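Asker: curious how this folds, go ahead:
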Amino acid sequence: MSNLLARTGRDRQRYDNNFRLVSGCIPYRVVKDEDDSSVDFENKLQVLMVSSPNRHDLVFPKGGWEDDETVLEAASREAMEEAGVKGILREEPLGVWEFRSKSSSAEPDCCLGGCKGYMFSLEVTEELATWPEHENRERRWLNVKEALELCRYEWMQCALEEFLRVMAEDGRGKEETLAASSLSNREERQIGSSVLLCS
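Answerer: Now for the predicted structure:
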């Protein structure tokens, strides 16, 4: 049993004009495969999705951004409440998406303009055995292709595609940095050995 409680209600909910502000994240991990270094980066990535309460479709953790927290704190809180994970949140958002909430039809005065969702990436460092919403949600690790197919909302699919683009850029950046560092080290060794040979 989790001793942490999920926040409920909308008393502290932030709004921007008629848009309900929402914050969420795409929790991920990189699976290390020592056997096959030829596996491309996309296939090494896994993302964590959760089921919606009383449904079997999958979503990324997200929820209302409240007035006593930053957008980053809200994303981290939602990841812990809905998916039971903690980790390193990338401070740069993947983007901001406007969408209509499925629940807004039941609550027409709640968000006349819909919702504005800020999405971030979260590198998972800890998976909790129990979490505030574990009785209402199941979590599943998926590769990116599976996640795109199973994702309930189009705007979340767009966020996932942006996540993949950012991660690929980061991966290339790291590879280029490593390659440049390796080249620089080789040049230094060559220069050093040339100096030694010349002296």
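Asker: wasn't residue 129 part of a helix?
Answerer: No - according to DSSP: H, G, I helix; E, B strand; the rest coil, the state of residue 129 is coil, so it is not within a helix.
Asker: measure stretch 84-95 end to end?
Answerer: Here the two ends of stretch 84-95 are set 23 Å apart, with distance taken as CA to CA, to the nearest Å.
Asker: report the buried residues of that stretch.
Answerer: Burial within stretch 84-95, assessed by neighbour count using 16 or more other CB atoms under 10 Å, is assigned to 84-87, 89-90, 93-95. Quick note: C-beta positions are derived from backbone N, CA and C, even for glycine.
Asker: same question for stretch 146-161.
Answerer: Neighbour-count burial for stretch 146-161, with 16+ other CB under 10 Å as criterion, is recorded at 147, 151-153, 155-156, 158-160.
Asker: a markdown table please, covering those and showing distance to residue 49, secondary structure and pLDDT.
Answerer: Output for those, formatted as a markdown table (distance: CB to CB, whole Å; DSSP: H, G, I helix; E, B strand; the rest coil; pLDDT from 0 to 100):
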| residue | distance to residue 49 | secondary structure | pLDDT |
| --- | --- | --- | --- |
| 147 | 6 | helix | 96 |
| 151 | 7 | strand | 89 |
| 152 | 9 | coil | 81 |
| 153 | 11 | coil | 90 |
| 155 | 14 | helix | 93 |
| 156 | 9 | helix | 94 |
| 158 | 15 | helix | 96 |
| 159 | 12 | helix | 97 |
| 160 | 10 | helix | 97 |
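Asker: among those, which two are most distant?
Answerer: Every pair in the buried residues of stretch 146-161 was compared (CB to CB); the two farthest apart turn out to be 147 and 155, at 13.9 Å.
Asker: okay, stretch 114-127 in PDB with CA atoms only?
Answerer: Backbone C-alpha positions of stretch 114-127 (Å, rounded to 0.1, in the frame of the first residue of the first chain) are rendered in PDB as follows:
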ATOM      1  CA  GLY A 114      -9.900  22.700 -24.000                       C
ATOM      2  CA  CYS A 115      -6.500  21.900 -22.500                       C
ATOM      3  CA  LYS A 116      -3.000  23.100 -23.100                       C
ATOM      4  CA  GLY A 117      -0.500  20.300 -22.400                       C
ATOM      5  CA  TYR A 118       3.200  20.700 -21.700                       C
ATOM      6  CA  MET A 119       5.100  17.500 -22.200                       C
ATOM      7  CA  PHE A 120       8.600  16.600 -21.100                       C
ATOM      8  CA  SER A 121      10.900  13.600 -21.200                       C
ATOM      9  CA  LEU A 122      11.800  11.800 -18.000                       C
ATOM     10  CA  GLU A 123      14.700   9.400 -17.700                       C
ATOM     11  CA  VAL A 124      13.500   6.800 -15.200                       C
ATOM     12  CA  THR A 125      15.900   6.100 -12.400                       C
ATOM     13  CA  GLU A 126      13.400   4.500  -9.900                       C
ATOM     14  CA  GLU A 127      10.300   2.400 -10.300                       C
END
